[in-house]
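Enquirer: Pasting a predicted model and its sequence here:
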Amino acid sequence: MKKLAIRFAIIPLITGPILFYINSFDKSLKFTILQKLRPFLPASLEIYLLRANVSNIIIFISILFGIFITKNYIIIFFYNIKNSKLVKTFEYKVVKVFQILYSPVDDLPIVVFKVFTVTSYMYVIWRMLSRNYAVYSFTGEAYLKTSRLYLNFSELIVKPYEIVSLQFIHRFIELPSYQSIIRLQVCLAILCFIGLFKYKSKIISLAIFIGCMYLSGFVLMTNGELEATEIMLFALLTIVINNFSKKNSATTSLIGFNWFVGFYYFSSGLNKLIDVGIKFIWTLNLDERRYVAALDSFDVSSRYANQIFAKIIIDPLLSDFFGLMTLLIECSFLLLFFNSKYSIAPLIGAIFLHTSVFLMVGINFTGNTVFLLLSLFLIVKFNNIQLIRENKL
Amino acid sequence: MNTLVFLDTIVFILNIVLFYLFLKNKSIFQINLIILINASRLLVTFFITDKIYYLNHFFPVILLITINFFDTEKLLANLFLLQNNLKILVLLFLFIFTYKENILIIHPGIGGWTYEGEQSIYVNENNFIVENDNNYLELKNEIKYYFEDQLIVGFDEGYLDVNEVEVAETNLGQFILNDGDLHIVFPDVLFANLDTNHSDQIKTSILEKTLCDRLNGKQFLMTKKLSYPDHAFYFLLAPTSELCDQAMNIYSIDKYRIYSNIEDNRYKVKKIEKISD
């Protein structure tokens, strides 16, 4: 085991500098070699090699070759790791942490689901009367010309969001008129209003869910990426699933909703660590952003920035603190998977996070607050937390 | 067929088949295959597109293979003890995290970025004083209404702020515009796919329907104050005192450049010039 460990420690020490050297290949050495090989290379291959990232191709082939020649060692190494004391201890500790954090959930009273449904429908009414999706009726020229979006990483011919939002029908049928979309929005608001009283209705919940998916689809179809509807849509899906299930599955559906909220925020925290790394904390640089926000607040064409940023200076240390808090809050959403009472902290933290993003850069996720509060309400119910002290008299 | 389209389609279909087989056979083998295939896709996409994003995300996905170090039988037993809704949800999370797809209701999470170096990009180093000029006085007064003599700290050496503004010439008068009037999440991204004529046509069609609402202090069907703001929220332009109750026709949209100084920590609008007719 020790020998293997030493070998595996030596491999990165040797391969590291080699990879680093190969990585610089495309900047200098490649061009020198290609110049010397020019008389022997066909023109098309030369053009390809000039443009291609040859260093990446070399690294890729080297990795595959390396895996192939060391496959026996890798198998032994993995086998030894699996049976090592270190992994067993780690596994034991993970289970222990899980047992400490995990709260088993008893069946919730039906009123909890009623509160969940009524709140979600009220939010949809607010949104349908505020957001103008009808403007997308004029975007026919741009429709279906979506590039590879930041939050859509596939090049599938028909994107999954196009199917689930039913937007694919506009490959065959023209976009609806301005008035038709307005009517649809008003209709959805009315359905939600009826749903406040008939909250168990299958048809109403399904119609609201499909209608909202369809309207949100316009945003993605025209390169909008997202408009902070995901949690709302999942809440509506939760209502549909519960209303259509034969046995009473309200508690399970609500646990699922909380897991979804957990995944939504935890994955964002994880992405920050993957895309930027731990240096996110000290490179967030809100102290620099403050100057941009201050000037933006004096620009009528700019995205919104609150004028408070024209009146304050942000210390770099404070920016680092916010960077740390952002990571801590988002990563702590993992606690929602355990139904843990400690997840109250990240839920409240995310509300502050959305508010500050709205005030500083004019990106509005504040509607998620409604669902974060719902999630908080569920955590209180799951853990049987008493908010009001019982009067002993 | 484009290489990426082919790759993504094949991997997507493989994912569906493997998830189906996993639910049927309850074996960790399919999960391992899903992880390996999706990680490989990210790596290959990196080699094709040369975008570091894919390489960065390849590592955490391939790291999932370390679940094999643990008691996988116990893990699977616990997974299959879950109710169907929750079981499918867990598998959906695995799919979204490894395949990186946006299916509207769920996506792989908003990425990370920082504001490092933003100050040097967006904040210029000019601090010379611009002479007061009263051309386009009506527009200047309107801009002054929002900003004149407001406090702005952090520019002790003085600052020259230059912004652009669009003004719509309509049958009901002249009105300052911003992208918020279009109610589209990222209009610049949308219009990037179109030529200027088409973009202007779409803009005009939208503004003829929406501008009156804003001038009347409304957002769509609600009053602005009580409404839920758009996802991309812009500077709050004030409603007009007169009610906009007629059909609006937009004749032209003109661009102006605004020169302002920050002097003694106070914002002063100095000069406006027309950029285009």
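Expert: Alright, I've got the coordinates. Numbers count the residues shown, from 1 in each chain, chains lettered A, B, ... in the order given.

Enquirer: mind listing the helices for the stretch 151-277 of chain B?
Expert: Secondary structure of the stretch 151-277 of chain B (DSSP state H, counting those that start in this stretch): helices at B:187-191, B:196-215.

Enquirer: what would these look like in CSV with mean neighbour count, mean pLDDT and distance to B:Leu4?
Expert: Where you see a C-beta, it was placed from the backbone N, CA and C, and this is true even at glycine. What follows is the helices of the stretch 151-277 of chain B, written out as CSV (neighbours: other C-beta atoms under 10 Å in any protein chain shown; pLDDT from 0 to 100; distance: least, C-beta to C-beta, whole Å):
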stretch, mean neighbour count, mean pLDDT, distance to B:Leu4
helix B:187-191, 20, 86, 20
helix B:196-215, 18, 92, 27
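
Enquirer: okay, these in TSV with distance to chain A next?
Expert: Supplementary listing: those in TSV, determined by distance: least, C-beta to the nearest C-beta, whole Å:
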stretch	distance to chain A
helix B:187-191	4
helix B:196-215	4
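
Enquirer: Turn those into a markdown table, including distance to A:Ile255.
Expert: Shown next, in a markdown table, are the helices of the stretch 151-277 of chain B (distance: least, C-beta to C-beta, whole Å):
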| stretch | distance to A:Ile255 |
| --- | --- |
| helix B:187-191 | 37 |
| helix B:196-215 | 41 |
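
Enquirer: Nearest to B:Leu104 among these would be which one?
Expert: B:Leu104 lies closest to helix B:187-191 among the helices of the stretch 151-277 of chain B, at 17.4 Å (C-beta to C-beta).

Enquirer: Next, the residues that contact that closest one from outside, please.
Expert: A:139, A:142, A:222-224, B:179, B:184, B:199, B:202-203 (C-beta atoms under 8 Å, 6 or more residues apart in numbering or on different chains).

Enquirer: Domain parsing of chain B, as residue ranges.
Expert: B:3-99, B:124-274 (automatic domain parsing).

Enquirer: Could you check how far the last one is from the centre of its chain?
Expert: By that I understand domain B:124-274. From the chain centre to the centre of domain B:124-274 is a distance of 19 Å (C-alpha atoms, centre = their mean, to the nearest Å).

Enquirer: cool, and the first one?
Expert: Offset of domain B:3-99 from its chain centre (C-alpha atoms, centre = their mean): 29 Å.

Enquirer: so what's B:Leu177 bridging to?
Expert: B:Glu166 (DSSP bridges).

Enquirer: Now do the contacts for it.
Expert: B:165-168, B:207, B:211, B:237, B:253.

Enquirer: Give me the residues contacting stretch A:197-211.
Expert: With contact meaning C-beta under 8 Å, 6+ apart, stretch A:197-211 is reached by A:114, A:117-118, A:121, A:124, A:166, A:184, A:187-188, A:191-192, A:194-195, A:233, A:236-237, A:239-240, A:243-244.

Enquirer: Only alpha carbons, please: show that stretch as PDB.
Expert: The C-alpha trace of stretch A:197-211 is given here as PDB (Å, rounded to 0.1, in the frame of the first residue of the first chain):
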ATOM      1  CA  PHE A 197     -60.700  27.600  -2.600                       C
ATOM      2  CA  LYS A 198     -60.400  24.400  -4.600                       C
ATOM      3  CA  TYR A 199     -56.800  23.600  -3.700                       C
ATOM      4  CA  LYS A 200     -57.100  19.900  -4.200                       C
ATOM      5  CA  SER A 201     -58.500  20.200  -7.800                       C
ATOM      6  CA  LYS A 202     -56.400  18.100 -10.200                       C
ATOM      7  CA  ILE A 203     -57.400  20.000 -13.400                       C
ATOM      8  CA  ILE A 204     -56.800  23.400 -11.900                       C
ATOM      9  CA  SER A 205     -53.300  22.500 -10.600                       C
ATOM     10  CA  LEU A 206     -52.300  20.800 -13.900                       C
ATOM     11  CA  ALA A 207     -53.600  23.700 -16.000                       C
ATOM     12  CA  ILE A 208     -51.700  26.300 -13.800                       C
ATOM     13  CA  PHE A 209     -48.500  24.200 -14.000                       C
ATOM     14  CA  ILE A 210     -48.600  23.700 -17.800                       C
ATOM     15  CA  GLY A 211     -49.500  27.400 -18.300                       C
END
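
Enquirer: Going by neighbour count, list what's buried in it.
Expert: When burial is assessed from 16 or more other C-beta atoms under 10 Å in any protein chain shown, stretch A:197-211 yields the following buried residues: A:199, A:201, A:204-211.

Enquirer: Repeat that for stretch B:3-23.
Expert: B:4, B:7-9, B:11-12, B:14-15, B:18-19, B:22.

Enquirer: what do you get for stretch A:307-327?
Expert: A:307, A:309-310, A:314, A:319-320, A:322-323, A:326-327.

Enquirer: Kindly indicate which of those lies nearest A:Leu286.
Expert: A:Ser319 (3.9 Å).

Enquirer: any idea how far B:Ile28 is from that closest one?
Expert: As judged by C-beta to C-beta, to the nearest Å, A:Ser319 and B:Ile28 stand 44 Å apart.

Enquirer: likewise B:Leu207?
Expert: Note on B:Leu207: its distance to B:Ile28, by C-beta to C-beta, is 57 Å.

Enquirer: hang on, the earlier thing: filter the buried residues of stretch B:3-23 down to the ones close to chain A.
Expert: Among these, the residues lying close to chain A (C-beta under 8 Å from any C-beta of the partner chain) are B:4, B:7-9, B:12.

Enquirer: Output the residues you listed in JSON lines; the columns should cover pLDDT, distance to A:Leu129 and secondary structure.
Expert: What follows is those, written out as JSON lines (pLDDT from 0 to 100; distance: C-beta to C-beta, whole Å; DSSP: H, G, I helix; E, B strand; the rest coil):
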{"residue": "B:Leu4", "pLDDT": "89", "distance to A:Leu129": "41", "secondary structure": "helix"}
{"residue": "B:Leu7", "pLDDT": "93", "distance to A:Leu129": "44", "secondary structure": "helix"}
{"residue": "B:Asp8", "pLDDT": "94", "distance to A:Leu129": "38", "secondary structure": "helix"}
{"residue": "B:Thr9", "pLDDT": "95", "distance to A:Leu129": "40", "secondary structure": "helix"}
{"residue": "B:Phe12", "pLDDT": "96", "distance to A:Leu129": "38", "secondary structure": "helix"}
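
Enquirer: so where's the chain uncertain?
Expert: Reading this off chain A. Within chain A, the stretches with pLDDT under 70 are A:1-5, A:7-8, A:11-12, A:15-27, A:146-148, A:387-393.

Enquirer: wrong one, chain B
Expert: Applying pLDDT under 70 to chain B flags the ranges B:1, B:276-277.

Enquirer: can I assume A:Ser137 is in contact with A:Tyr178?
Expert: Yes: proximity of A:Ser137 to A:Tyr178 meets the contact threshold set by C-beta atoms under 8 Å, at 4.7 Å.
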